[in-house]
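A.B. asks: Here is my input, please return the structure:
(2 chains)
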Amino acid sequence: ETGVTQTPRHLVMGMTNKKSLKCEQHLGHNAMYWYKQSAKKPLELMFVYNFKEQTENNSVPSRFSPECPNSSHLFLHLHTLQPEDSALYLCASSHVYGRSSYEQYFGPGTRLTVT
Amino acid sequence: GIQVEQSPPDLILQEGANSTLRCNFSDSVNNLQWFHQNPWGQLINLFYIPSGTKQNGRLSATTVATERYSLLYISSSQTTDSGVYFCAVEMIKAAGNKLTFGGGTRVLVKP
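C.D. replies: Residues are numbered from 1 along each chain as shown, chains lettered A, B, ... in the order given. Reported below is the predicted structural model:
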């Protein structure tokens, strides 16, 4: 247990569906992150939230919509996805102080398949 | 952006062997972390090591920030050490808190 939970663990959705991924951290951190991990590719940072404010959007398509209602919860809303969006989606959290961040702790991930 | 290169890409070890994994990066960093990803996808933070040397059981890591590399040592490897090891860095010059990951070293420890 890393202190970061993600639901669901597995998700199969059609291209016209709308679904949401949920992440919760129990570590008292002030920053949360979404990453995408595709087969044979390095982890790609998608979004960063620092004190609930989005500080990074790494050129992610608008069919991915993040939401951070408080420092402990992070959502990723999905709509009209493409088959190439199938991947492992990982949430992480850390302490951030100024321009520096510290150890990141990851959730178990949601394995998404788009059919 | 910053480049992070890990070597070797793949490593097969006999149980009990020692090994060294390397991470090279192309710019000055204020944050360097090593992670282990198990076969089920869970990433575990092993070290936060922007400089210096740290040890945790059979694992240790050294970062030489001035020469832009870090090493992860695995001693007396066990089958549970199998998985992918990632190095990730945060550039000093970068705005925002953004870790860039290397491509990983896939390790298989055989009994």
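A.B. asks: which bits of chain A sit near chain B?
C.D. replies: A:2, A:31, A:33, A:37, A:42-43, A:45, A:48, A:50, A:55-56, A:58, A:88, A:90, A:92, A:94, A:96, A:99-106, A:108-109, A:111 (Cβ under 8 Å from any Cβ of the partner chain). C-beta: built from backbone N, CA, C; applies to glycine.
A.B. asks: Filter the residues you listed down to the buried ones, ChimeraX style.
C.D. replies: Listed next is the ChimeraX selection for buried residues among the residues of chain A next to chain B, using 16 or more other Cβ atoms under 10 Å in any protein chain shown:
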select /A:2,31,33,37,42,43,45,48,50,56,88,90,92,94,96,101,102,103,104,105,106,108,109,111
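A.B. asks: Among the residues of chain A next to chain B, which are located in strands?
C.D. replies: A:31, A:33, A:37, A:45, A:48, A:50, A:55-56, A:88, A:90, A:92, A:94, A:96, A:100-101, A:105-106, A:111 (DSSP state E).
A.B. asks: now the strands for chain B?
C.D. replies: B:4-7, B:10-14, B:19-25, B:29-37, B:43-48, B:52-56, B:59-64, B:69-74, B:83-91, B:100-101, B:105-110.
A.B. asks: Tell me which of these sits most buried.
C.D. replies: strand B:83-91 (a mean of 24; mean count of other Cβ atoms under 10 Å in any protein chain shown).
A.B. asks: who's in contact with residue A:43?
C.D. replies: By Cβ atoms under 8 Å, 6 or more residues apart in numbering or on different chains, the residues touching residue A:43 are A:35, A:36, A:37, A:90, B:86, B:88, B:101.
A.B. asks: How about it: what's its closest non-neighbour residue?
C.D. replies: residue B:101 (4.3 Å; Cβ to Cβ, 6 or more residues apart in numbering or on different chains).
A.B. asks: OK, contacts around the one you found?
C.D. replies: A:42, A:43, B:4, B:86, B:87, B:88.
A.B. asks: And for residue A:83?
C.D. replies: So residue A:83 contacts A:15, A:114, A:115 (Cβ under 8 Å, 6+ apart).
A.B. asks: just residue A:95 next, same as before
C.D. replies: A:29, A:30, A:31, A:101, A:102, A:103.
A.B. asks: could you check the distance from the residue most central in space within chain A over to residue A:66?
C.D. replies: Centroid check for chain A by Cα atoms, centre = their mean gives residue A:34 as the closest residue, at 2.6 Å. Residue A:34 sits 6 Å away from residue A:66, going by Cβ to Cβ, to the nearest Å.
A.B. asks: intersection of neighbour lists for the two?
C.D. replies: A:46, A:47, A:74, A:76.
A.B. asks: quick one: which of the strands of chain B is nearest residue A:22?
C.D. replies: strand B:43-48 (18.1 Å; Cβ to Cβ).
A.B. asks: And the closest one, what does it pack against?
C.D. replies: Counting contacts by 3 or more Cβ pairs under 8 Å, 6 or more residues apart in numbering or on different chains; DSSP states H and E, strand B:43-48 is packed against strand A:105-106, strand B:29-37, strand B:52-56, strand B:59-64.
A.B. asks: Give the partner strands of that strand in its sheet and their orientations.
C.D. replies: strand B:29-37 (antiparallel) (DSSP bridges).
A.B. asks: That's all I had, so thanks and see you.
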